[in-house]
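J.: Below is the sequence, then the predicted model.
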Amino acid sequence: MTTTNKAIIQAGNWGEDIAWELYEAADLPPQELCTAVMGLAVVGNKIVLACSKRGWGMLGGHIEDNETLEEALRREVLEEGGFHIDQFGLFAVRKITSQAKIPHQQTGKSYPFPTSYMTYYWATTKRDLEVPSGEEIIESGGFTIDELPSLNTPDQPIIEVGWRAFTVACRSK
């Protein structure tokens, strides 16, 4: 991996053929290997999360063709949380390693093989939230870090790392 890794946050598998490692990171991997962006959207002391059929989680999703990481991040947090980014910073990268090519959601495409990445950012705004426009979103809402356990979100470990990175970055300004 070409990023500066700080620590492994989590590791696991998606099925039998896909392994992943989630790292604290200070640098981006090559953009052509990045497939998704995730945003820890912060308004005041609350984290904006979205609820879909999978439950509550961070805002984010796939990078569209010809979209930069920043463009994808801005689009995804707006669609899923009604969130307009004022500032943001990278805090983690998920390295995904597959034993076989993985078909993309777009017919005829595959994800980068054998390694691809998801990038994780904290983001802030001072603007009011809009109504999310994402089709898969049931609702979105703001939660304090102390309210996370009651949501039973699988994103809690990465949210906590992002919250720490956000507080350090914003404290130093």
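T.: Yep, that arrived. Residues are numbered from 1 along each chain as shown.
J.: any idea what sits nearest Ser98, other than its immediate chain neighbours?
T.: Ile18 (5.0 Å; C-beta to C-beta, 6 or more residues apart in numbering). Backbone N, C-alpha and C define where each C-beta goes, glycine included.
J.: Tell me if I'm right that the one you found and Lys101 touch.
T.: No - assessed by C-beta atoms under 8 Å, Ile18 is found out of contact with Lys101, at 11.1 Å.
J.: Looking at those two now, which is surrounded by more residues?
T.: With neighbours defined as other C-beta atoms under 10 Å, Ile18 and Lys101 compare such that Ile18 has more, 17 against 12.
J.: Could I get the contacting residues of the more buried one?
T.: Going by C-beta atoms under 8 Å, 6 or more residues apart in numbering, Ile18 touches Ile96, Thr97, Ser98, Gln99, Ile102.
J.: try Ala36
T.: The contact partners of Ala36, taken as C-beta under 8 Å, 6+ apart, are Gly60, Gly61, His62, Ile63, Ala72, Met118, Thr119.
J.: Save those residues as a markdown table, and put in neighbour count too.
T.: Shown next, in a markdown table, are these (neighbours: other C-beta atoms under 10 Å):
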| residue | neighbour count |
| --- | --- |
| Gly60 | 25 |
| Gly61 | 21 |
| His62 | 15 |
| Ile63 | 21 |
| Ala72 | 21 |
| Met118 | 21 |
| Thr119 | 25 |
